[in-house]
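Asks: next comes the sequence, and after it the predicted model I'd like to discuss.
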Amino acid sequence: MDKLLSKIDIRVNSSVYKKDPTSSELGQRIVRNGIDLMDEIGFEEFTFKKLSSVIKSTEASIYRYFENKHNLLAYFTMWYWGWMDHKVFMATLNITDNHIKLRNAIKTLTQEVVEDRGITMVNEAKLHNIVIQNASKVYLCKQVAADNEHGFFTAYKDVVERVAGIILEIRQDFKYPHMLVSTIIEGAHHQRFFTEHLPRLTDVLPGKDAVTSFYVQLMEREIGIEGK
């Protein structure tokens, strides 16, 4: 699957950028080094001026691709969710047992992310950190309605819709499939952050991925398939 993932082409909604960064070497450097820098110093301290220094270009050259750092962060999150949707698709492909399919999907959405060296423009592990710490900033903002109209959140919705569909294949009468999936995703991100920075707010189990285990169990109990 890793070889297949390394060959995929993640499409990001064009409304988030002025010029497609994948169309040039400079654009790819903006994305690659932007992820590195934002992961290193955080979104609040991140500026196009600092990024221009890293890529040895000008602020103006970055503004030709992205209107502001909010849109750059939106690009990062869109790419992440497009990539994650593909990972869930691959993790559930050709599996006929919906219980196994759902467990695989939840594991994919909640487990630790490692870098795929086959994808040169994006460090997925660093991007995962950015999403955990900053993805909510993309939609918890005043312009969320306008951004939504422009399709900023389509990739995220697609992931939730895909997994919610599996839940409904198991239990057609379950009333809250989308709520359950988005709660698991957002909760897992919080727990990953707590594990790293605020461990007294979570439970760290030596030698075990407590986050993924917890959310798989939560999902199974909620829809009534525990032990099946």
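Replies: Perfect, I can see it now.
Asks: for Thr77, what are its contacts?
Replies: Thr77 makes contact with Ile130, Val131, Asn134, Ala135, Val138, Ala155, Tyr156, according to C-beta atoms under 8 Å, 6 or more residues apart in numbering. Glycine gets a C-beta too; all of them are placed from N, C-alpha and C.
Asks: ok, now with 6 Å
Replies: For Thr77, the residues meeting the contact criterion (C-beta atoms under 6 Å, 6 or more residues apart in numbering) are Val131, Ala135, Val138.
Asks: so what's the gap between the helix or strand hosting the first one and the chain middle?
Replies: Spelled out, it's Val131. When elements are defined using DSSP states H and E, Val131 is found to belong to helix 124-139. Using C-alpha atoms, centre = their mean, to the nearest Å, the mean C-alpha position of helix 124-139 is found 7 Å from that of the whole chain.
Asks: let me know the next secondary structure element after that helix.
Replies: Moving toward the C-terminus from helix 124-139, the first helix or strand encountered (DSSP H and E) is helix 144-149.
Asks: got the buried residues for stretch 91-103?
Replies: Burial within stretch 91-103, assessed by neighbour count using 16 or more other C-beta atoms under 10 Å, is assigned to Ala91, Thr92, Asn98, Lys101, Leu102, Arg103.
Asks: and the lengthiest helix in the chain, which residues are buried?
Replies: Among all segments of the chain classified by DSSP state H, the helix with the greatest residue count is helix 69-92. Along helix 69-92, the positions that meet the burial threshold by neighbour count (16+ other C-beta under 10 Å) are 69-88, 90-92.
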